[in-house]
Each structure stands twice: as structure tokens, then as C-alpha cells.
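Engineer: Quick one: sequence plus predicted model below, questions after.
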Amino acid sequence: MHHHGTPITLNVLIYSIIPNLNSAEKLVFSTLESLIETATNPLDILKRTDQRQAFGLEIHRIRINLEHLLSRYRTELDAVLRSEGEYTGPVVEPDPQEADAIRSAVDIYIHVCAFQRGERPNPVPGHDSKLGKP
């Protein structure tokens, strides 16, 4: 299921959701690295380092579940990739953990886009409070 419960195809998963997650991941990590490098307060460094570690674990969880989902659709995935995106493939039927991973990937991308537009004070989803805590 997509972010709002809409079914998603294999094509959308591999050509939209996963690339968007990759872009968001790079931006969050580079932003956190910059904040760590320029921080002068040890507590700020610790907070950003903790955020980087928590975000890394969340990305890892998402990727493991997406890999599991893709492995179940290996034959169809090969067909979508061979068609260079012209074949949409089947609508995926994720298990609960895979569905949560898809929702999380979409949420991360939405959050990062809002951060880029200046609508969020923090690049890390779930860390918008002044203290950087969820």
C-alpha cells in the first residue's frame, strides 16, 4: 500500500519510492554531517550524532523489509527492469512489516521535501522539536 492506502505497483516501488528514499537519505546524512562538523557545543554534536545513528537504523530497517518484498517478486521485478520501466508489474501485496517500510520510506521523503522548502526545522523525521527528540 502506498502512503494513503493506495495500491502500488512494482514499477512505482523501484522507480519512485526507492530512488526518493535514496535521495532523502543522502540529504539527511549530508545535512547531519555538516551540522556535526560546524557545531561548537558538545551537546549539539552528541544530539546530531544520535540523530544520525537513529536515522541510519531506520533506513536499515526499511531497506531490509523492501529487499524482502522485492525478493518475493523476483520474477516480476526482472521483467520490470528489463522493460526499463515500461511494464508496471503487479500491484505489490506487502506483509505488515513491508507495508510499514513503504509508509516510512514515503514519510521520510515527504519530510525531507518539507525541510528543503523550509517547512520543517529539522532534516530528520520525528525530530522537529527544539530538543531534537521525537
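Structural biologist: That came through fine. Computed from a predicted model, the values in this text were never measured in an experiment.
Engineer: tell me what the helix or strand hosting residue 103 is packed against?
Structural biologist: Assessed by DSSP states H and E, residue 103 sits inside helix 96-116. Using 3 or more C-beta pairs under 8 Å, 6 or more residues apart in numbering; DSSP states H and E as the contact criterion, the elements in contact with helix 96-116 are helix 18-38, helix 42-72. Placement of C-beta: from N, CA and C, glycine included.
Engineer: Residues contacting that helix, please?
Structural biologist: 1-3, 8, 13, 17-18, 20-21, 23-25, 27-28, 58-59, 61-66, 68-69, 92, 94, 120-123, 125 (C-beta atoms under 8 Å, 6 or more residues apart in numbering).
Engineer: mind checking which of the helices and strands packed on helix 96-116 is nearest residue 85?
Structural biologist: helix 18-38 (11.3 Å; C-beta to C-beta).
Engineer: Same question for the closest one: list its buried residues.
Structural biologist: Neighbour counts over helix 18-38 (16 or more other C-beta atoms under 10 Å) mark 18, 20, 21, 24, 25, 27, 28, 29, 31, 32, 35, 36 as buried.
Engineer: where does the protein dip in pLDDT?
Structural biologist: In the predicted model, the chain carries pLDDT under 70 at residues 1-5, 127-134.
Engineer: surely residue 49 meets residue 36?
Structural biologist: Yes - between residue 49 and residue 36 there is a contact under C-beta atoms under 8 Å: 6.3 Å.
Engineer: still on that earlier bit, reformat the buried residues of helix 18-38 as a markdown table; add distance to residue 82.
Structural biologist: Below are the buried residues of helix 18-38 laid out as a markdown table (distance: C-beta to C-beta, whole Å):
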| residue | distance to residue 82 |
| --- | --- |
| 18 | 17 |
| 20 | 22 |
| 21 | 23 |
| 24 | 27 |
| 25 | 27 |
| 27 | 31 |
| 28 | 32 |
| 29 | 32 |
| 31 | 36 |
| 32 | 37 |
| 35 | 42 |
| 36 | 42 |
